[in-house]
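> quick one: sequence plus predicted model below, questions after.
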Amino acid sequence: MKLTSPGDDGSVILERPSAIDSEMSEQFPRDPDGKTRSEVEATEGERNCPVTINGVSVTPIPEINGFKNRTSENPEKKTEPEVQGVADDVTEAAAAAETVGKDPGKRTTEAKESAFDWIVLASAFGSNVSFGMDFYSFSVFYPCLMEYFEATAAQVGWCLSIEALVTSILSVFSIHPIERYGCRLPGVFGSLIFCFGIALTSLAPSINVIYFTYGIIAGFGASICGLTSSIIIQQRFHRNRALISGVSVVGFSVGGMIGPGVVNALLTRYSWRGSFLILSAIYAHRIPFAMLFVTPPRYLTTNRTDRPKERDPSGRGVTYLIVLPFRYLRRTFDFSILAKKKLFSLFTVVLCVQIIVYTGYVQHCVNRAVHIGIVLEQAFWASTLVGISNCLSRIVVSVVGNLACVNRSLLFAFGLFMSFISVLVLLLSQNFVGTMTSAVIFGIMFGCTGTIQTVIIVDLVGVDLLTRCLAIQAFIFGFFRLTASPFVGWIFDVRQDYNVAFGLLGCLGLIDCLIMIAVFVLQRREKRSTNELSLDEKTDGKKLRHSQKRTRQLPVVAVSASNHELSHT
């Protein structure tokens, strides 16, 4: 070995020889750095001596030069250097630190969509068209049912309210079928029951029977298939979710555009009974659409190992059959996510208030137009214009909401403010032009809110919890949908005027806008604190990785001249 000048502490620095003759090379194999096996064994003690680097004591690890451990029981298996394992751990820790604070709805690797994914998108669009027709067209039935059964506005309003209640409450039971079997089987089964309930409504002899056929039977079918079109889109598309979700829910607006006109044409020729029967055949087109809702295998619980399987704990089948339903109900009605996700809970409150405003306006705008003297052949345009403006605004919001510079929470708050403006215009004008203008503005409101509603939930909780969150929200929404339309009808029956009821809806819309602004402020504050934590994690990971890198690249070994004898092998 070659000796150099002693260091400041009296030690001598040993440098590795640059070359050794061929005979020594044959007898003593060398490592990649030029040291022989005997030199490594001789200096093994020196390697284990702690070395101070930047104030940190680091102990070099044996076999760092790549020599295979010949005393190993398995000579064919090479042992990796432990320093490399430490470096890998540091790299993984740094990568995990970089993911802290990122949006849970975004994926780190975004795969391209296949052709079948776009077919599924078209199917979801068609399924949402039928949903929009059902929701918007029922307002046209109000005057006909009130005249035929001699019922009040509140009594007719219970038909749609009961359907909304059953749909919302029973939607929570669709969580496990969708997670276990995917969206296709529940979508087909629910569509069949829904069409059957609509067909039975055409035979109803009284308004109470319509409560059962339209409210309970059709509502039960809608509860099973109602969430499938929204969930399948979020599962199959990972890029531009706001744009894709907007394209899907535009079908709901298209149904709102054509639904009232179709129903008005059917009423003039086939009466309300024939209209319900023909509508059941139109809604049956959900079945082939639902057959294309193929859920990716990674979202099925049967292919996941992180969920425990249900087994009979006592070995007795009867006891297990009794205990199993209670376990199912306990998992189904697990509302702990509302306590864990505070922003999601506050956003759920916003949606509950929005449901009261939206349901009350859409279901009574046609009847209000008839009440102020507009004929039914012109009054149904109020509901149609809501659907048209809703459709056009959804297209715009789908593009705008996908931009990185646009905050979706503020866009949602802007839509809620438009509901207040719509009601204000409606109250200031008591003619056809004012009614139609208010309907157009209100359609813009729902286009801003309904398009990005699911995307905001994904931003708050992620895709994995989307099914459970949508079902929990649907369960809560049922109680508000139950009371919204009858409440507005009850105020009209008492006051014989819609101004008080619609004025109350406008005030609720303004309050809802203020709550959504609070959600935006809290969300921004939470992201800021999370980003600061992420920055600290990245800094610590880089420092540790840099320290380990300098440890592996030590070029020399310091040995004290007073404690060790210098020799050459």
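Nice, thanks for sending it over.
> so which residues of the stretch 51-200 of the chain form helices?
Assigned helices in the stretch 51-200 of the chain, in chain order: 82-98, 115-149, 153-170, 175-181, 184-201 (criterion: DSSP state H, counting those that start in this stretch).
> between those helices, which gets nearest to P296?
Nearest to P296 among the helices of the stretch 51-200 of the chain is helix 115-149; the distance by Cβ to Cβ comes to 9.7 Å. Bear in mind the C-beta positions are built from the backbone N, C-alpha and C, glycine included.
> buried sites along the closest one?
Neighbour counts over helix 115-149 (16 or more other Cβ atoms under 10 Å) mark 117, 120-121, 123-146, 149 as buried.
> do stretch 514-521 as well
Applying a neighbour-count criterion of 16+ other Cβ under 10 Å, the buried positions in stretch 514-521 are 515-517, 519-520.
> closest one of these to S409?
Nearest to S409 among the buried residues of stretch 514-521: F520, at 3.9 Å, using Cβ to Cβ.
> contacting residues around the closest one?
Taking Cβ atoms under 8 Å, 6 or more residues apart in numbering as the criterion, F520 is in contact with 407, 409-410, 413.
> and what of I374?
The contact partners of I374, taken as Cβ under 8 Å, 6+ apart, are 432, 435.
> before we move on, what SS does it have?
At I374 the chain is in coil, as set by DSSP: H, G, I helix; E, B strand; the rest coil.
> now it. Its backbone dihedrals?
Backbone geometry at I374, expressed as degrees, to the nearest 10, gives phi -90, psi 130.
> how much space between it and S336?
As judged by Cβ to Cβ, to the nearest Å, I374 and S336 stand 50 Å apart.
> what of S171?
Applying Cβ to Cβ to S171 and S336 gives a distance of 18 Å.
> pick the one among the contacts of F520 closest to L504.
L504 has its nearest neighbour among the contacts of F520 in A413, at 20.2 Å by Cβ to Cβ.
> what sits closest to the closest one if chain neighbours are left out?
Among residues not flanking A413 along the chain, M516 sits closest, at 4.0 Å (Cβ to Cβ, 6 or more residues apart in numbering).
> what's near enough to touch the one you found?
Residues in contact with M516 (Cβ under 8 Å, 6+ apart) are 347, 350, 409, 412-413, 416.
> make it 7 Å
350, 409, 412-413, 416 (Cβ atoms under 7 Å, 6 or more residues apart in numbering).
> okay, and which of those residues map to helices?
Among the contacts of M516, DSSP state H puts 350, 409, 412-413, 416 in helices.
> just the buried subset of those residues, please.
350, 409, 412-413, 416.
> can I get those in JSON lines including distance to R394 and pLDDT?
Output for these, formatted as JSON lines (distance: Cβ to Cβ, whole Å; pLDDT from 0 to 100):
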{"residue": "V350", "distance to R394": "19", "pLDDT": "91"}
{"residue": "S409", "distance to R394": "18", "pLDDT": "86"}
{"residue": "F412", "distance to R394": "13", "pLDDT": "90"}
{"residue": "A413", "distance to R394": "17", "pLDDT": "91"}
{"residue": "L416", "distance to R394": "16", "pLDDT": "92"}
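> for these, which one is nearest A474?
Ranked by distance to A474 (Cβ to Cβ), those are led by V350 at 15.3 Å.
> quick one: that closest one and I515 touch, right?
Yes. With contact defined as Cβ atoms under 7 Å, V350 reaches I515; the gap is 5.2 Å.
> before we move on, back to that, ok, the residue nearest to A413 to V172 distance?
25 Å.
> show the contacting residues for V250.
Residues counted as contacts of V250 (Cβ under 7 Å, 6+ apart) are 125, 391, 394-395.
> helix, strand or coil for V294?
Of the three states, V294 takes coil under three-state DSSP.
> next one: it relative to V120, how far apart?
Distance from V294 to V120, by Cβ to Cβ: 7 Å.
> ok, the nearest residue to A164 once chain neighbours are set aside - how many residues close by?
Nearest non-adjacent residue to A164, counting by Cβ to Cβ, 6+ apart: R481, 3.4 Å away. By other Cβ atoms under 10 Å, the residues close to R481 number 24.
> report all helices and strands that the strand or helix carrying R481 contacts.
Per DSSP states H and E, R481 falls inside helix 466-495. The helices and strands touching helix 466-495, judged by 3 or more Cβ pairs under 7 Å, 6 or more residues apart in numbering; DSSP states H and E, are helix 153-170, helix 175-181, helix 228-236, helix 336-340, helix 342-371, helix 432-461, helix 499-552.
> out of the ones you listed, flag the one nearest N264.
Judged by Cβ to Cβ, the one of the helices and strands packed on helix 466-495 that comes nearest to N264 is helix 342-371, at 9.9 Å.
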